[in-house]
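> Sharing a sequence plus its predicted fold:
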Amino acid sequence: MRARIKSSLGSVPYSDFLVYLMGPYTTFDVADLVPDDVDPDSVSLPAVSASDDDLDAMMGTLRSIQGSLRADPGVNAFLAVEPEIPLDEMDAASQSIAFARASNATLFVVPAMGDKLGVGMEVGSVLKTWTRMAASG
């Protein structure tokens, strides 16, 4: 996996140092959490779903961080979409674990938007995998 990731990225001063950048995958609508027998219009719900502009801003934030890391200190920072591994080949959670295992560092960028459940599950999976690796030597 490490070689596959590196081959999909450009050259930087420290090409062998891989940094996997993660952000929230999806946004959600709070109304989806209201029980079926309750009219969503009858309750006051916070607005937590993100607009397309918010999603574009999040991708811009990730790309900005990526660009900064690639420029200084010059590490090979990447997003999950860059190795271009189709989800029918490997599901998103398995990709995240494989990318984290192949990387020297994993950074989670979690703004006040989006569904953090996926990130939380992946943090747990990554840490569980690393714990097993450390225990097995």
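All right, it came through fine.

> Can you list phi and psi of Leu21 for me?
The phi and psi values for Leu21, taken as degrees, to the nearest 10, are phi -100, psi 130.

> Return the residues in contact with it.
Contacts for Leu21 were tallied using CB atoms under 8 Å, 6 or more residues apart in numbering; they are 62, 65-66, 69, 77-79, 107, 109. For the C-beta atoms, the positions are set from N, CA and C on the backbone; glycine is no exception.

> residues touching the nearest residue to Pro73 once chain neighbours are set aside, list them.
Once flanking residues are discounted, Pro73 sits nearest to Tyr14: 6.7 Å by CB to CB, 6 or more residues apart in numbering. Tyr14 makes contact with 73-76, according to CB under 8 Å, 6+ apart.

> so which of these is the most crowded?
Asn76 (23 neighbours; other CB atoms under 10 Å).

> Enumerate the beta-bridge partners assigned to that one.
In this entry, Asn76 is beta-bridged to Leu18, by DSSP bridges.

> correct me, but it touches Asp16?
Yes - using CB atoms under 8 Å, Asn76 makes contact with Asp16 at a distance of 7.4 Å.

> who touches both of the two?
Lys6.

> can you give me the strands in the chain?
14-22, 75-79, 105-108 (DSSP state E).

> With distance to Asp39 and mean pLDDT as added columns, please give these in a markdown table.
Listed next are these as a markdown table, based on distance: least, CB to CB, whole Å; pLDDT from 0 to 100:
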| stretch | distance to Asp39 | mean pLDDT |
| --- | --- | --- |
| strand 14-22 | 37 | 94 |
| strand 75-79 | 40 | 95 |
| strand 105-108 | 36 | 89 |
